[in-house]
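Chemist: how does the following fold in three dimensions:
(chains A and B)
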Amino acid sequence: AQSVTQPDIHITVSEGASLELRCNYSYGATPYLFWYVQSPGQGLQLLLKYFSGDTLVQGIKGFEAEFKRSQSSFNLRKPSVHWSDAAEYFCAVGTSNDYKLSFGAGTTVTVRA
Amino acid sequence: ETGVTQTPRHLVMGMTNKKSLKCEQHLGHNAMYWYKQSAKKPLELMFVYSLEERVENNSVPSRFSPECPNSSHLFLHLHTLQPEDSALYLCASSQGGTGYEQYFGPGTRLTVT
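Modeler: The predicted structure follows:
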């Protein structure tokens, strides 16, 4: 079975600074990888996804993520954060075998002025 | 309406009540999901329906009863719940199942008293 680890529970970053959120997955074959964002009181919004091909994927809101098979990682980055990026971020892994998405526990991002 | 909608957004119920959560997707998808999101825990997949047939039941207690009358609607019928069932219940849909990104509704915040 697949699993996801997000090592950072909470990250605080200054507005305008860069942001990197870590995600490590466990799965024997090529995974399908996703990053979602959840603002308070809202559902999850898809930021970006990796299925195959170019290992650097671009998403919405200026986010990008890089798939590194050797490190089983799919880290999310943004060069310059805005106050509106304060939210909870979830990494998820899916497979070609079933309908399940396995989610990490999430990383809460706080943006200070 | 666009995307995935859920009603009600907030629900308070006693342990002896019976209530239902409703989800509707306007995306033309053919798979729908119920998730439970509790504080400090990863999202828990509860049920998956594909083409109106249940394909996943993740060991959910029988006090939760799903219903999928057509590909656009999904219900979660609740009865004799426990306080530990208080959580955010999220509905999602996807085009196809394995490997496809899921689109989430805003959730129903359930409080069991």
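Chemist: and B:Ala92, bridged to which residues?
Modeler: Beta-bridge partners of B:Ala92, counted by DSSP bridges, are B:Tyr33, B:Phe104.
Chemist: count the residues that sit near it.
Modeler: By other Cβ atoms under 10 Å in any protein chain shown, 25 other residues sit near B:Ala92. C-betas here are computed from N, CA, C, even on glycine.
Chemist: quick check: it touching B:Pro106?
Modeler: No. Applying Cβ atoms under 8 Å as the test, B:Ala92 and B:Pro106 come out as separate, 11.2 Å apart.
Chemist: between those two, which contacts overlap?
Modeler: A:Gly43 (Cβ atoms under 8 Å, 6 or more residues apart in numbering or on different chains).
Chemist: which intervals of the chain have sub-threshold pLDDT?
Modeler: No chain specified, so I'll use chain A. Residues of chain A meeting the criterion pLDDT under 70: none.
Chemist: try chain B instead
Modeler: For chain B (pLDDT under 70), the answer is B:1, B:97-99.
Chemist: and the residue of it found nearest chain A, what does it touch?
Modeler: Scanning chain B for the residue nearest chain A gives B:Phe104, at 3.8 Å (criterion: Cβ to the nearest Cβ). Each residue near B:Phe104 by Cβ under 8 Å, 6+ apart is listed here: A:Tyr36, A:Gly43, A:Leu44, A:Gln45, B:Val4, B:Leu90, B:Cys91, B:Ala92.
Chemist: distance of the fourth one from A:Thr110?
Modeler: Applying Cβ to Cβ, to the nearest Å, the value for A:Gln45 to A:Thr110 is 18 Å.
Chemist: show me which of the two is the more surrounded one.
Modeler: A direct count of neighbours by other Cβ under 10 Å for A:Gln45 and A:Thr110 places A:Gln45 higher, at 16 against 11.
Chemist: how about the more buried one: what's its closest non-neighbour residue?
Modeler: Excluding the flanking residues, the one nearest A:Gln45 by Cβ to Cβ, 6 or more residues apart in numbering or on different chains is A:Val37, at 5.3 Å.
Chemist: output the contacting helices and strands for the helix or strand containing the one you found.
Modeler: A:Val37 belongs to strand A:32-38 when elements are defined using DSSP states H and E. Applying 3 or more Cβ pairs under 8 Å, 6 or more residues apart in numbering or on different chains; DSSP states H and E, we find strand A:32-38 packed against strand A:44-50, strand A:64-68, strand A:73-78, strand A:87-94.
Chemist: name every strand pairing with that strand and say which way it goes.
Modeler: Short version: by DSSP bridges, strand A:32-38 pairs with strand A:44-50 (antiparallel), strand A:87-94 (antiparallel).
Chemist: can you check what angle separates the first one from strand A:64-68?
Modeler: Computed with axes from the mean of the first three to the mean of the last three Cα atoms, to 10 degrees, the direction of strand A:44-50 lies at 50 degrees from that of strand A:64-68.
Chemist: quick one: A:Trp83 and A:Ala113 touch, right?
Modeler: Yes. Between A:Trp83 and A:Ala113 there is a contact under Cβ under 8 Å: 7.1 Å.
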